[in-house]
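J.: fold the following and give me the result.
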Amino acid sequence: MLKMRLQRIGRKNDASFRVIVTDSRRGPKSGKHIDLLGSYNPKLNQFQIDGDKAKDWISKGVQVSDTLHNLLITNKIVEGKKKNVLPKKAPIINEEALKAEEEAKAAAAAPVAETTAPAEGVAEEAPTEEGAPATEEAPASGEVETPATAEEAPAEAVSETTEEAPASVAETEAGANTEEPKEA
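T.: A predicted model of the protein is given here:
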């Protein structure tokens, strides 16, 4: 099968390409191409090709590489859509479409949140059973119950946990920070 592709020429860090028609089983650097159609210099953005020859080869069934296909479309030699030449792991992302989707999701979620949330300034009343008070009252004795947290733990409990640490760990930490001077 014949393929129309780019053949790299030029020096290191100064790439330029030839547009060639070659057998797909041959490497592009073999030098055994069937036809030379033009050249492409990406640094200077110069693309020169014999458009009539290119159209003739395409009409004969020559497969065009994706990058060359995009160049032919850019220079209006052939009609069509550009192809994604990036690897499948990193597809082209349409940022405008993503923003529109996020805004649509946010707009759809906003009315739902407003209907479930109570209006400001209106207190919700808890359902009550008959005979039970509507709100919980503090204990009559004046004691206030508070949940126990790590910050409010007694100092004795904290010191016990540090004393139970293995001696080997404490020695290695202390020994790692200090060095004894060596005698000559």
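J.: which one is P42 nearest to, not counting chain neighbours?
T.: A15 (6.4 Å; CB to CB, 6 or more residues apart in numbering). Bear in mind the C-beta positions are built from the backbone N, C-alpha and C, glycine included.
J.: output the host helix or strand of the one you found as PDB, restricted to C-alpha atoms.
T.: Element membership for A15, per DSSP states H and E: strand 14-23. Presented in PDB, the C-alpha positions along strand 14-23 are these (Å, rounded to 0.1, in the frame of the first residue of the first chain):
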ATOM      1  CA  ASP A  14      16.400  22.300  12.800                       C
ATOM      2  CA  ALA A  15      13.800  20.000  11.400                       C
ATOM      3  CA  SER A  16      12.500  20.300   7.900                       C
ATOM      4  CA  PHE A  17      10.500  17.700   5.900                       C
ATOM      5  CA  ARG A  18      10.000  16.400   2.400                       C
ATOM      6  CA  VAL A  19       6.500  15.400   1.300                       C
ATOM      7  CA  ILE A  20       6.900  12.000  -0.400                       C
ATOM      8  CA  VAL A  21       4.900   9.100  -1.700                       C
ATOM      9  CA  THR A  22       6.400   5.700  -0.600                       C
ATOM     10  CA  ASP A  23       5.500   2.100   0.100                       C
END
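J.: what's opposite the residue nearest to P42 in the beta bridge?
T.: Beta-bridge partners recorded for A15 (DSSP bridges): G10.
J.: do the same with the one 4 residues further on
T.: Counting by DSSP bridges, V19 forms beta bridges with L6, G38.
J.: where does this structure have its least confident helix or strand?
T.: Least confident helix or strand, the chain: helix 155-163 with a mean of 51, by mean pLDDT, DSSP states H and E.
J.: can you pull the contacts of V21?
T.: L2, K3, M4, H33, I34, D35, L37, W57, V62 (CB atoms under 8 Å, 6 or more residues apart in numbering).
J.: so how far is A97 from it?
T.: From V21 across to A97, the span is 38 Å (CB to CB, to the nearest Å).
J.: next, count neighbours for the residue nearest to Y40 when sequence neighbours are not counted.
T.: Once flanking residues are discounted, Y40 sits nearest to F17: 4.5 Å by CB to CB, 6+ apart. The local packing of F17 (other CB atoms under 10 Å) involves 21 other residues.
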